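S.K.: show me how the following folds:
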Amino acid sequence: MLGSFEVISTSARHIYHSAISVSPQTSIVRELYKQYIHPLARVVRGLPISWGPNFATVTDHLVVTAVWSSCSRFIAVERPDNTGVLDGATLERLHTFEHPQSWDGWSSLSPDGRSLTRINDRDNRTTTWDLQTGGQISATPLALDPPPLSHHSFVHSWYFSSAHSMDGKIVAFAYMGSKNDTPVTGISTYNLISGTHVYSHHASEGQIIAPIWTHGELLRFAAVKPGSITIWEVGFTSEHALAEIESLPAPDDTGSGEHLFLPTLSRLAFTLDESVLIWDARDSKILLNFVGSGPLGGLSFSSDGRFFACGSRGQGVHLWKESPTGYVLHQKLVSRSADDWITPYLSPDGESMITSKLRETQLWHTTGPIDPPPSVPPQPANRTDFVLAFSPDKSFIATGRLGGEIAAIVDLKSGDLRLMIDTGMVVCDLGVTGSTAIVVGEGKIVTWNLPAGDCVLNAEANIHDSVRTIVFDHPPPPPGWLHFASISPDFNHLAITREEDRGGGVDIYDASTGEHLFGIPTSDMTPPWFTRDGREVWCDSNEQKIIMGGGSDVIRVEPVGRDAPSGGHLWESAHGHEITDDGWILDSRKKRVMWLPHNWRVERRRRWDGRFLVLFGRELPEPVIIEMYE
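M.R.: Take a look at the predicted model:
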């Protein structure tokens, strides 16, 4: 139910057409009910072995911050122009509260989970809404006197933490800004019942860090400076003066990076250059010292300290679990895009975590063993797109990672792996017939025979098992150089992107002899591709095409028009199928055929060939192959 909540809530019949069909291979629900379903399409290959940690994904507006309720049931998601409240188990949107567009806002859920308060300095007020009715409870103007907002030299930046009094009537917000080019942090409190500002307090020493928290009837916060962590206590009202509770040791190099304090265990997490550390202030020792390969940030603890998460750019999210010797890596959640910055938010109970990046929010379960991914060719260190090709009779598909050295031949009837080839060279393109596998790479075409007989599975081969090698007569690229290639459907021609320092272009070769037939200059390094009939080669970011003649003739080069026939592109179905933005495969009558899980929704990284659809986003462990039934 959790893993398929979106499809079931949209179309109950797709329990049988989609939800069970895309369930993992070893899931109990699939084992029990697969004999009763009559799907409109089948997943030939690409199903995960078991349930992964990712349970739900929503694609929405840009998420600025997210805050869990103390009961771990709700999530307040802050966006530039609204605040959404999501269900903590399914990511279903429960409420949306509109507000003036502002990046400098912070939302806070009340301790009982019944209301949400947002502070926004764009319209100078805090607003509280009732989560049951969706109605507004109060709107409190922000204080203009005393500071921070009244002083002309104070530049307000953002809010970063909040806490409610035990009775939920007063809320405190921590903010960060600068005064005379000096970083300043402080706390302001507001009475939500009377709609009045209570007080504002500036940190006189050190930097207030997240989180601020409720301690009995009082408010506590931590201020950090090199060498010490000071715990302060103050009332939610002005009746209780600010008092220092204790001072704890801290490393001298805490720096000016991101900080996060865990009050229950007096642990300080902080970033330093490209590292993240966890300091145990009680025992004066380091519990984690992780060095990444790029910027790190987005620190998050569970309330009891069992789990700690850290985001990054280009490295995904690292999730650590507490152990007797410190924190050990529990999961690594990989980003779909190398350029995305991913921020994690652990639930207070540590059972769940959401991650946000660009316009996507994902829900993960942190507990339980994590099964390894299916056995697939390893990804190369850099470019990781797939290359793939169907056999003419649609009985086999050849797949491999562009820039890798492994080619896999899959039987489309059974979904089983027929042959795994260690090519010993950089793979640029593939081809497969009913009896042979063809690999293009490093200035040559190499051919292998497929194992005879239907019962032979998981066979392995290497370069010594090849039966034919054709070397191009044009100067080949240097060994290991990655270029793009495309084999024509009839296997007669080969198009290869020319190396940029040789002028940049696309060359056409005779695939049976390696003879260079024709070449044109191009402005960039984009993959060329043949149309389904093999009579055209599209290249140069699909802005021009080469018109092929019979035999080895090239008729002419033309600019690409906007009136390309539907289904003429490899990523368009010739049978009228289409994929909607919300992940549904539709047939030619616009009937829902199958729902695609979010991690299969790879924009433009798809290929149609006859009744087959292949999804091959670089984040997938292997291409997903789906067959549409007639």
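S.K.: surely Asp524 touches Gly505?
M.R.: No - counting by Cβ atoms under 8 Å, Asp524 stays clear of Gly505, with 10.4 Å between them. The C-beta positions use only the backbone N, C-alpha and C, and glycine is treated the same way.
S.K.: what about those two, which has more around it?
M.R.: Under the criterion of other Cβ atoms under 10 Å, the comparison of Asp524 against Gly505 puts Gly505 first, with 18 against 11.
S.K.: in the stretch 101-250 of the chain, mark out all the strands, start to finish.
M.R.: 105-109, 115-120, 125-130, 136-141, 154-164, 170-179, 182-191, 196-202, 207-215, 218-225, 228-235, 243-249 (DSSP state E, counting those that start in this stretch).
S.K.: tabulate the ones you listed in CSV, adding columns for mean neighbour count.
M.R.: Below are those laid out as CSV (neighbours: other Cβ atoms under 10 Å):
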stretch, mean neighbour count
strand 105-109, 24
strand 115-120, 23
strand 125-130, 20
strand 136-141, 15
strand 154-164, 19
strand 170-179, 21
strand 182-191, 19
strand 196-202, 17
strand 207-215, 19
strand 218-225, 21
strand 228-235, 19
strand 243-249, 13
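S.K.: what about the stretch 101-250 of the chain, any weak spots by pLDDT?
M.R.: 101-104, 121-124, 142-157, 179-181 (pLDDT under 70).
S.K.: quick one: pLDDT of the residue nearest to Val63 when sequence neighbours are not counted?
M.R.: Counting by Cβ to Cβ, 6 or more residues apart in numbering, Val63 lies nearest to Ser356, which is 4.0 Å off, once chain neighbours are set aside. If you check Ser356, the pLDDT there is 84.
S.K.: would you confirm that Ser356 contacts Asp340?
M.R.: No - using Cβ under 8 Å as the test, Ser356 is too far from Asp340 to be in contact (9.9 Å).
S.K.: higher neighbour count, these two?
M.R.: Applying other Cβ under 10 Å to Ser356 and Asp340 shows that Ser356 carries more neighbours, namely 24 against 17.
S.K.: gap between the more buried one and Val44?
M.R.: 33 Å (Cβ to Cβ, to the nearest Å).
S.K.: quick one: whichever helix or strand Phe261 is part of to chain centroid distance?
M.R.: Here Phe261, judged by DSSP states H and E, is contained in strand 259-262. Taking the mean of its C-alpha atoms, strand 259-262 sits 25 Å from the chain's own mean (Cα atoms, centre = their mean, to the nearest Å).
S.K.: neighbouring strands for the following helix or strand past that strand, and are they parallel or not?
M.R.: Scanning forward in sequence from strand 259-262 by DSSP H and E, the next helix or strand is strand 267-272. Within its sheet, strand 267-272 is paired with strand 259-262 (antiparallel), strand 275-280 (antiparallel), according to DSSP bridges.
S.K.: coming back round to it: closest to Leu346 out of the strands of the stretch 101-250 of the chain?
M.R.: Minimum separation from Leu346 across the strands of the stretch 101-250 of the chain (Cβ to Cβ) falls at strand 207-215, 12.2 Å.
S.K.: and the angle from that closest one to strand 243-249?
M.R.: Strand 207-215 runs at 120 degrees relative to strand 243-249, counting by axes from the mean of the first three to the mean of the last three Cα atoms, to 10 degrees.
S.K.: what residues are up against the residue nearest to Val63?
M.R.: 63, 66, 77, 342-343, 345, 362 (Cβ atoms under 8 Å, 6 or more residues apart in numbering).
S.K.: where's the dip in pLDDT among these?
M.R.: Out of the contacts of Ser356, that is Val63, at 78.
S.K.: OK, contacts around that one?
M.R.: Val63 sits in contact with 77-79, 356, 359, 361, where contact means Cβ under 8 Å, 6+ apart.
S.K.: same question for Glu6.
M.R.: Glu6 neighbours (Cβ under 8 Å, 6+ apart): 56, 90, 595.
S.K.: check Met176 too.
M.R.: 157-160, 183-185, 208.
S.K.: His95: which of those is nearest?
M.R.: For the contacts of Met176, the nearest to His95 is Tyr159 (20.4 Å; Cβ to Cβ).
S.K.: which residues touch that closest one?
M.R.: Counting by Cβ under 8 Å, 6+ apart, Tyr159 has contacts 104-106, 119, 173-176.
S.K.: tell me the bridge partners for it.
M.R.: Tyr175.
S.K.: shouldn't Ser312 be in contact with Pro295?
M.R.: Yes - if you go by Cβ under 8 Å, Ser312 and Pro295 touch, sitting 6.6 Å apart.
S.K.: and Gly46, what does it touch?
M.R.: 600, 615, 620, 622-625.
S.K.: again but with Ile75, I slipped
M.R.: 66-69, 85-88, 91, 345, 354.
S.K.: give me the pLDDT for it.
M.R.: Reading off the model, Ile75 has pLDDT 93.
S.K.: surely it is in a strand?
M.R.: Yes - under DSSP: H, G, I helix; E, B strand; the rest coil, Ile75 sits within a strand.
S.K.: what's the neighbour count on the nearest residue to Leu333 once chain neighbours are set aside?
M.R.: Spatially, and ignoring its direct neighbours in sequence, Leu333 is nearest to Val317 (4.4 Å; Cβ to Cβ, 6+ apart). Counted with other Cβ under 10 Å, residues neighbouring Val317 total 23.
S.K.: neighbour-wise, which of the contacts of Gly46 leads?
M.R.: Most surrounded of these: other Cβ under 10 Å gives Pro623, at 25 neighbours.
S.K.: that one and Ala485, how far apart?
M.R.: Taking Cβ to Cβ, one finds Pro623 at 18 Å from Ala485.
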